[in-house]
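Visitor: Here's a sequence, model it:
(one chain, ligands or ions: 1)
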Amino acid sequence: MTTPKYEWQPGAAEIAKAAGIPIERVERMDQNTSPFPTNWVPGVIADAAGRLNDYPDASYRRIRAAVGHNLGIDADHVVPGAGADELILLAARAFLGIARSAAAAEPTYPLYRIATLQTGAEYVPIPIAGPDFDFPTDSVIRAARDADLVWLCVPGNPVGGRPDHEGIAAIIAATDGIVVLDAAYGEFADDRWVDSVDRHHNLLVLHTLSKAYGLGGARVGYALGHPDLIASIDRVRPPGSLSGLAVELAVAALEHPHRMRDAVKILTTRRERLRPRLEALGARVLPSQTNFLMCEIGPNAHAVEAALRREGLVVRKFDPSGPLAHYLRITVRSPDAHDRLIAALERSL
Ligand SMILES: Cc1ncc(COP(=O)(O)O)c(C=O)c1O
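Guide: Below you'll find the model as predicted:
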């Protein structure tokens, strides 16, 4: 089997060129990033921008301390990464490899499978059945008994179903391996994992600054865990994968969490305003604790995605032969973007 490659969607310039529209018309509703401009950034990086001749401090002590301070946890429970993506790849590198296996309930974030297979380990998918996509806790507990690692996405991306806290504790208790709980959208659900990390020494929780913190372009995430787990990640971590600018941005964002909290409030309100407008057009919209809505559109979902894209409205479609073929995932953005989306859907649905 060839090693699967991890690839991102094309950039806005390429999408604009293909659609023959100005780049300003491209609205990324496919990546679950923030609509808020980062105009607070220039002031924060001014000083560091004049000192990029030297490498960053590879201990990333300031990020560890800022996370620790925010969450009330010791800094030795924290390791930063170049986005949660890098931490997923590092967790796979640290805990998987040939003759090992990792399980995940699917559909889920595709990098779990890719990161697992890239290490030579076996990937064990556990189906999450539609149309409601309730989390298959019992099946995951059974799979966890034989797995070296379990990937858990809480809240789930792209389908929202999640195990409850008892279910998560049972999954963690069922395995001698590691449980990686990806809380990329945790701030939208007001989840707090610090106590769980203290209780369960095989639990690694991933966070990102790309979603609620609105810093997708900065590429910063962090993992929480028992110091032994953190040391295992540190052992395989490239020393300088976060730039000096990313450090300044991360520390500033973490030191002003009110900006994140305000964003979560606004985006949650916008999400629940968008939901009935999509439903009024005939879409079935799944419950959401995130900054996106999963919509069942029907057999023409791919044609609808293409029509939206021609207008610069980029939403996420899924494998036409998979269980989400009839769904589109829509990131919550600005009220203007939502008006454009609804008008375009009225034409294409
Ligand atoms: C569940 C999940 N985990 C991780 C990531 C990656 O986050 P980052 O931008 O921090 O690499 C994403 C991004 O879409 C995600 O949805």
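Visitor: Doesn't residue 85 belong to a strand?
Guide: No: counting by DSSP: H, G, I helix; E, B strand; the rest coil, residue 85 falls outside a strand, being helix.
Visitor: Grab the nearest non-local neighbour of residue 277.
Guide: Nearest non-adjacent residue to residue 277, counting by CB to CB, 6 or more residues apart in numbering: residue 342, 5.2 Å away. Using the backbone N, CA and C atoms, a C-beta is placed for each residue, glycine as well.
Visitor: Which of the helices or strands spans the one you found?
Guide: Element membership for residue 342 (DSSP states H and E) is helix 335-348.
Visitor: quick one, what contacts whichever residue of the stretch 1-150 of the chain sits closest to the ligand?
Guide: When scored by CB to the nearest ligand atom, the stretch 1-150 of the chain has residue 83 as its residue closest to the ligand, at 2.6 Å. Applying CB atoms under 8 Å, 6 or more residues apart in numbering to residue 83 gives the contacts 208, 210, 219, 220, 221.
Visitor: circling back: mind listing residues that contact the helix holding residue 342?
Guide: With CB under 8 Å, 6+ apart as the contact definition, helix 335-348 has outside contacts at 27, 29, 35, 270, 273-274, 277-278, 281, 283, 303-304, 307-308, 311, 313, 315, 330, 332.
Visitor: for it, the distance to its chain's centre please.
Guide: Relative to its chain's centre, helix 335-348 lies at 25 Å (CA atoms, centre = their mean, to the nearest Å).
Visitor: ok, now stretch 334-347?
Guide: What separates the centre of stretch 334-347 from the centre of its chain is 24 Å, taken as CA atoms, centre = their mean.
Visitor: Show me which residues of it are buried.
Guide: 337, 338, 340, 341, 344, 345 (16 or more other CB atoms under 10 Å).
Visitor: quick one: which of those is nearest to the ligand?
Guide: The closest of those to the ligand turns out to be residue 337 (CB to the nearest ligand atom; 18.1 Å).
Visitor: any idea how far the closest one lies from residue 274?
Guide: Look at residue 337 and residue 274: by CB to CB, to the nearest Å, they are 10 Å apart.
Visitor: ok, which residues in the stretch 51-200 of the chain are in contact with the ligand?
Guide: Within reach of the ligand by CB under 6 Å from any ligand atom, the stretch 51-200 of the chain has these residues: 83, 84, 85, 109, 153, 157, 182, 184.
Visitor: Max pairwise distance over those residues: which two?
Guide: Of all pairs drawn from these, the greatest distance, 15.0 Å, lies between 83 and 153 (CB to CB).
Visitor: How many neighbouring residues does the closest residue to residue 82 other than its chain neighbours have?
Guide: Setting aside the residues directly before and after it, residue 82 is nearest to residue 241 in space (CB to CB, 6+ apart), at 4.2 Å. Neighbourhood size, residue 241 [other CB atoms under 10 Å]: 17.
Visitor: What are the buried residues along stretch 171-183?
Guide: The neighbour-count check on stretch 171-183 (16+ other CB under 10 Å) flags 171, 172, 174, 175, 177, 178, 179, 180, 181, 182, 183 as buried.
Visitor: Could you identify the helix or strand that succeeds the helix or strand where the second one lies?
Guide: Spelled out, it's residue 172. Per DSSP H and E: residue 172 is located in helix 165-174. Remark: after helix 165-174, the chain's next helix or strand is strand 178-182, criterion DSSP H and E.
Visitor: Identify the residues contacting residue 27.
Guide: Shown in contact with residue 27 (CB under 8 Å, 6+ apart): 312, 313, 314, 333, 337, 340, 341.
Visitor: can you tell me how far it sits from residue 321?
Guide: With distances taken as CB to CB, residue 27 is found 28 Å from residue 321.
Visitor: do the same with residue 225
Guide: Separation of residue 225 from residue 321 (CB to CB) stands at 37 Å.
Visitor: Which of the two has more residues huddled nearby?
Guide: The neighbour count for residue 225 versus residue 321, taken as other CB under 10 Å, is higher for residue 225 (29 against 6).
Visitor: so which strand or helix has the nearest residue to the more buried one once chain neighbours are set aside?
Guide: Once flanking residues are discounted, residue 225 sits nearest to residue 204: 4.3 Å by CB to CB, 6+ apart. Per DSSP H and E: residue 204 is located in strand 203-208.
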